[in-house]
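Novice: Fold the following, please.
(one chain, ligands or ions: 1)
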Amino acid sequence: MDIEKVNSMDFGEFVDVFGNVIERCPLIAAAVWSQRPFSDLEDLKKHFFAFIDALPQSGQEGILRCHPDLAGSELRRGTLTAESQREQSAAGLTSLGTDERLRLAELNAQYRARFGFPFVLAARFSDRAAVSRELARRLLCPSAQELRTALGEVKKIGSLRLADLLRADAAKL
Ligand SMILES: NC(=O)N[C@H]1NC(=O)NC1=O
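Specialist: Numbering: from 1, shown residues only. Here you go, the predicted model:
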């Protein structure tokens, strides 16, 4: 999809297409639409990220809380968004053995109890061993640093989703 196509989208179409660039936060796409036209993909991405950066800490933590746990109950129940399902599957989290799943669940619970939001990691840049390792490592980080790290991961996830959307549509042309 070229940027002219993006710039020509009405509000409803834009939110339909870009509403899950940031997991379960269509409000961000709704706000970004008002800032069109965009010069290119990078510019579009910058608007998504600037919105996140401008939020107060409570809003940034809210974004993190919209993310499902990695290898958590939503994956087991089949209620993940299509994007999250693909990402967790790519990291091998859909085929964990019981022990590994329970260990991740325990680490996820400890992380949430410590920081007040779920552990977020761009699963497509990772694999099942690295997810546990990172989770155990980040559990020990100071809160302010951890908020920054987690928001960086949200941006990595968003970048990959935006790139997919623009590429996928190009393939159809
Ligand atoms: N908790 C968490 O990191 N979830 C996200 N990570 C990812 O790559 N997709 C998600 O839904």
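Novice: Remind me what the helix ranked longest in the chain packs against, helices and strands.
Specialist: Ranked by residue count and defined by DSSP state H, the top helix of the chain is helix 143-172. Judged by 3 or more C-beta pairs under 8 Å, 6 or more residues apart in numbering; DSSP states H and E, helix 143-172 is in contact with helix 11-18, helix 41-54, helix 57-65, helix 82-90, helix 98-115. To be clear about C-beta, it is placed using only N, CA and C from the backbone, and glycine gets the same treatment.
Novice: Please tabulate those in a markdown table and include distance to residue 1 as additional columns.
Specialist: Formatted as a markdown table, the entries for these read as follows, by distance: least, C-beta to C-beta, whole Å:
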| stretch | distance to residue 1 |
| --- | --- |
| helix 11-18 | 9 |
| helix 41-54 | 9 |
| helix 57-65 | 25 |
| helix 82-90 | 17 |
| helix 98-115 | 35 |
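Novice: Close to the ligand: what parts of the chain are there?
Specialist: Contact residues, the chain versus the ligand (C-beta under 6 Å from any ligand atom): 23, 67-70, 84, 87, 118-124, 157.
Novice: Inside helices: which ones of the residues you listed?
Specialist: 84, 87, 157.
Novice: what's the weakest-modelled helix or strand in the protein?
Specialist: The least trusted helix or strand in the chain, going by mean pLDDT, DSSP states H and E, turns out to be helix 143-172, with a mean of 88.
Novice: Buried ones in that one, by neighbour count?
Specialist: 146-147, 150-151, 153-162, 165-166 (16 or more other C-beta atoms under 10 Å).
Novice: Show the average pLDDT along the helix or strand that contains residue 7.
Specialist: The secondary structure element spanning residue 7 is helix 3-8 (assigned by DSSP states H and E). Along helix 3-8, the predicted local confidence has a mean pLDDT of 96.
Novice: got it, and stretch 114-132?
Specialist: The model assigns stretch 114-132 a mean pLDDT of 96.
Novice: Go ahead and measure how far that stretch is from the middle of the chain.
Specialist: When C-alpha coordinates are averaged (C-alpha atoms, centre = their mean, to the nearest Å), stretch 114-132 and its chain have centres 11 Å apart.
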